[in-house]
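Chemist: Could you look at this predicted model? Sequence included:
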Amino acid sequence: MTIIKFHKLLFFIFIVSLLQLPCAPQAGCRSASTETQVSSGLAKNDTPSARFNTFNTLIRDGTISRNEGTKRLNTLLLELREDYSRRGGQDFSKNSWIFPVKGYDAKSIGGSNKGYSASGYDYFSGNRHGGHPSFDIFIRDRNQDCLDDQLGVPVKVLSLGGGMVVAIEGVWEQGSTLRGGKYIWVYDPGNELLLYYAHNGTLSVRIGDIVKPGELLGTVGRSGLNALKPRSPTHLHLTVLEVKDGRPTPLNIYQDLVGAGKVLSLGMGGKPD
Ligand SMILES: [Zn+2]
């Protein structure tokens, strides 16, 4: 082999190695940027869901008072409920809930007391909230590339129940202090719940989308201030708040997660994924 050919070979190997770099953990294991753009969560119209998203961002960033927030929340939830039923949204009981991480079950919920601690939590504290009224569902991802170690593919985040996508953060970059990373809020009017799915890698829904139990929301990722740190195993962070009396109150849904069905039980066809 001539020296020139050898250099060509080295150059070729260099290019191929660049193409095969694993997704960078520091970028929150995001995949194709086009997918992120498509699901950036920007609502085109002034819909109840878009208004809730704006409101939720004000709460998140601490730029609205608790009193004002409480007043606005009740009005917004009424509007969301009307919009949901007008657009054909159905109510699903907890009996039809689907475990929100495809291929996993409640055994993957981590932490002492299953990680659930409602003490100190307040929705109106936004990004500065205390407590952890939530369940962290860990996936098999020892090298933290957001791919299932056994299957080599991203792990799907599924909608636990039915409802409407009312808030989204579709953009998250390293250095952001946002704890939830790329998150999704779903409002379930039938059960009067707000469901929060955080640390996603990619999002597959938009604000205003109506979802059923088991429907694809996105993929498990590492987006979020702490979720990105190497000490944090890759997981979905799931919070469920009940809003019956106008105040979002944490709900311990551990038993519901244990009893939740798997999407495979619905068969291969249909919309749920
Ligand atoms: Zn968590």
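Modeler: Looks like it came in fine. The shown structure was predicted, so the numbers you read here are calculated from the model rather than taken from an experiment. Numbers count the residues shown, from 1 in each chain.
Chemist: alpha carbons only for contacts and neighbour counts from here, please
Modeler: Fine.
Chemist: Do a quick rundown of the strands in the stretch 1-150 of the chain.
Modeler: In the stretch 1-150 of the chain, strands defined by DSSP state E, counting those that start in this stretch lie at 134-138, listed in chain order.
Chemist: To clarify, my last question referred to the stretch 151-273 of the chain.
Modeler: So, for the stretch 151-273 of the chain - with DSSP E, counting those that start in this stretch - the strands run 156-158, 163-168, 182-188, 193-203, 210-211, 216-220, 235-242, 249-250.
Chemist: So for the longest one, what gets flagged as buried?
Modeler: Under the neighbour-count criterion of 16 or more other C-alpha atoms under 10 Å, strand 193-203 has Leu193, Leu194, Leu195, Tyr196, Tyr197, Ala198, His199, Asn200, Gly201, Thr202, Leu203 buried.
Chemist: roughly how far apart are the second one and the ion?
Modeler: Look at Leu194 and the ion: by C-alpha to the ion, to the nearest Å, they are 16 Å apart.
Chemist: Redo the strands of the stretch 151-273 of the chain as TSV? Include mean pLDDT.
Modeler: Below are the strands of the stretch 151-273 of the chain laid out as TSV (pLDDT from 0 to 100):
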stretch	mean pLDDT
strand 156-158	98
strand 163-168	98
strand 182-188	98
strand 193-203	98
strand 210-211	98
strand 216-220	98
strand 235-242	98
strand 249-250	96
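Chemist: need the ones you listed in JSON lines with distance to Asp136, can you?
Modeler: Shown next, in JSON lines, are the strands of the stretch 151-273 of the chain (distance: least, C-alpha to C-alpha, whole Å):
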{"stretch": "strand 156-158", "distance to Asp136": "13"}
{"stretch": "strand 163-168", "distance to Asp136": "19"}
{"stretch": "strand 182-188", "distance to Asp136": "14"}
{"stretch": "strand 193-203", "distance to Asp136": "10"}
{"stretch": "strand 210-211", "distance to Asp136": "22"}
{"stretch": "strand 216-220", "distance to Asp136": "11"}
{"stretch": "strand 235-242", "distance to Asp136": "5"}
{"stretch": "strand 249-250", "distance to Asp136": "15"}
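Chemist: sorry, back to before: go through the buried residues of strand 193-203 and name the one nearest Arg51.
Modeler: Checking the buried residues of strand 193-203 against Arg51 by C-alpha to C-alpha gives Leu194 as the nearest, at 15.3 Å.
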